[in-house]
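>>> here is my input; please provide its structure:
(chains A and B)
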There are 2 protein chains.
Amino acid sequence: MHENKILAICLKSYLRDHFCIFGTGVVGRTLGNKLIQLGHRVMMGSRTADNEKALEWADKNGRLALCGTFSDAAEFSNLIINCTKGAITLEVFELAGKEKLKGKTILDLSNPLDFSNGMPPSLYPQWSNTYSLAEAIQDALPQTFIVKSLNMVNCEVMADASRCGGNATMLLCGNHDKAKSDIKEILHEFGWKKTLDLGDIKGARGMEALLPVWLRIWQSTGNGHFAFDIVGI
Amino acid sequence: MHENKILAICLKSYLRDHFCIFGTGVVGRTLGNKLIQLGHRVMMGSRTADNEKALEWADKNGRLALCGTFSDAAEFSNLIINCTKGAITLEVFELAGKEKLKGKTILDLSNPLDFSNGMPPSLYPQWSNTYSLAEAIQDALPQTFIVKSLNMVNCEVMADASRCGGNATMLLCGNHDKAKSDIKEILHEFGWKKTLDLGDIKGARGMEALLPVWLRIWQSTGNGHFAFDIVGI
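This next block holds a predicted model:
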């Protein structure tokens, strides 16, 4: 690699916050790859420090990629991207440790999808309609800043809005304006030019409720690389 | 009125199917007005033949507008647009009479919104997530062709897609292809150039679940004249 490029990457990584990704699945790996392409340092957190998927991912991604426990990862960064499955999300934050997450921002992508009755999944009743998973996380971590966004698109579209033409609207919500403003910067880096702030974290009820129609459109068209635009606002 | 215009309206009304609207609220009246502007004959159905709102509406709209009971209206037309509130929709079809609705098409705009705990409404659990109001109507009327559409936009946008720029995607679903094809013609008359068929009536689960995010966008922006576009398909 050309020396100037190395210097530029190093500089960039020291000027920006480090990121941490919770979850080693396809969503976590895709967003981790993207953040590294953008020059960020990323630690991938999982239950154990020797998680094979996380080690393999870190190995592939060179000096900017690290891995560790949820707790290690929470310590590494002020900005956590939650890419774990909805069913285990609250347990994961318990493992990471409430104290370690104090004053930090969580970008929550999770969805309260219940796959126990096969496809398509339904929404867990305890985290939908009059409540949401994002609210449950916020209630469990009152001193952490939860921002819900990106949960209603495929992970390749999350990381690169141009995958669906780049003209969609990305929704976000959360109780803390500074945290939302930080997340908007990441959204812009991922190619989301249009964002719409739906106010406090209760907006996640509607955003998580987009999953059933997302799944149905995917099932009907065979195409997962789409997103919602809000036309007329 | 110029004689040729009268002749044209009469001819058009005889060449097309008559319409019937269930419900005398703002949604029913807005769609009724639009259908009449388009030259259709419309009967507005309600619980009693002397419903004041329906009589007033018919009086204002001249010779193409009629009103009567749900049962009268169901008899008048092969195509019923259900503009009643979700909470009473099943009762309304009971009043109209199962036999009268046999072989007919219902465009269902209703939403399973429970306003009993104030604003914003939640979804009735018995008609959401793993079921929907449209499925409940289809199950109650197995020999009637239910098509779900238009339920996720404001009634002025329903009747005139150009109110939100005209570039959104209108979703629809239902078990019967001929019924969906008839409804697509009406959608085109209302200015919906792009439609997306989500397959059988179970697609209504996702379409009705759009209401929480619709309500939140409306609450956040103060603007109800918007619609969803599906970008990338």
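
>>> so where's chain A shaky on pLDDT?
When residues are selected by pLDDT under 70, those of chain A lie in A:1-16.

>>> the helices in chain A, which residues?
Secondary structure of chain A (DSSP state H): helices at A:3-15, A:26-37, A:52-60, A:70-76, A:86-96, A:98-101, A:133-140, A:155-159, A:177-189, A:204-208, A:211-221.

>>> and B:L109, which of the ones you listed is closest to it?
Of all the helices of chain A, helix A:211-221 sits nearest to B:L109, with 16.3 Å by Cβ to Cβ. In short, each C-beta sits where N, CA and C put it, glycine included.

>>> contacts for the closest one?
With contact meaning Cβ atoms under 8 Å, 6 or more residues apart in numbering or on different chains, helix A:211-221 is reached by A:111, A:113, A:120-123, A:151-154, A:224, A:226, B:129, B:171, B:196-199, B:202-203, B:205-207, B:209-210, B:230, B:233.

>>> and if you look at stretch A:44-52?
A:20-24, A:28-29, A:32, A:53-54, A:57-58, A:65-74, A:95-96.

>>> just the helices of chain A: most buried one?
Among the helices of chain A, ranked by average contacts under mean count of other Cβ atoms under 10 Å in any protein chain shown, first place goes to helix A:204-208 (a mean of 29).

>>> which strands or helices does it pack on?
On a contact count with 3 or more Cβ pairs under 8 Å, 6 or more residues apart in numbering or on different chains; DSSP states H and E, helix A:204-208 meets helix A:133-140, strand A:145-149, strand A:169-174, helix B:211-221.

>>> okay, those in JSON lines with distance to B:M44 next?
Listed next are the helices and strands packed on helix A:204-208 as JSON lines, based on distance: least, Cβ to Cβ, whole Å:
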{"stretch": "helix A:133-140", "distance to B:M44": "42"}
{"stretch": "strand A:145-149", "distance to B:M44": "42"}
{"stretch": "strand A:169-174", "distance to B:M44": "36"}
{"stretch": "helix B:211-221", "distance to B:M44": "24"}
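
>>> now for the ones you listed, which one comes closest to B:Q37?
Closest approach to B:Q37 among the helices and strands packed on helix A:204-208 is made by helix B:211-221 (25.4 Å; Cβ to Cβ).

>>> quick one: the closest one to strand A:169-174, angle?
Angle between the axes of helix B:211-221 and strand A:169-174 is 80 degrees (criterion: axes from the mean of the first three to the mean of the last three Cα atoms, to 10 degrees).

>>> what's the spacing between helix B:211-221 and its chain's center?
20 Å (Cα atoms, centre = their mean, to the nearest Å).

>>> then it to PDB, C-alphas only?
Backbone C-alpha positions of helix B:211-221 (Å, rounded to 0.1, in the frame of the first residue of the first chain) are rendered in PDB as follows:
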ATOM      1  CA  LEU B 211     -50.300   2.600   9.900                       C
ATOM      2  CA  PRO B 212     -48.000   3.100  12.900                       C
ATOM      3  CA  VAL B 213     -45.200   4.600  10.800                       C
ATOM      4  CA  TRP B 214     -47.700   6.600   8.700                       C
ATOM      5  CA  LEU B 215     -49.100   8.100  11.900                       C
ATOM      6  CA  ARG B 216     -45.600   8.800  13.200                       C
ATOM      7  CA  ILE B 217     -44.500  10.500  10.000                       C
ATOM      8  CA  TRP B 218     -47.700  12.600  10.000                       C
ATOM      9  CA  GLN B 219     -47.100  13.500  13.700                       C
ATOM     10  CA  SER B 220     -43.400  14.400  13.100                       C
ATOM     11  CA  THR B 221     -43.900  16.400   9.900                       C
END
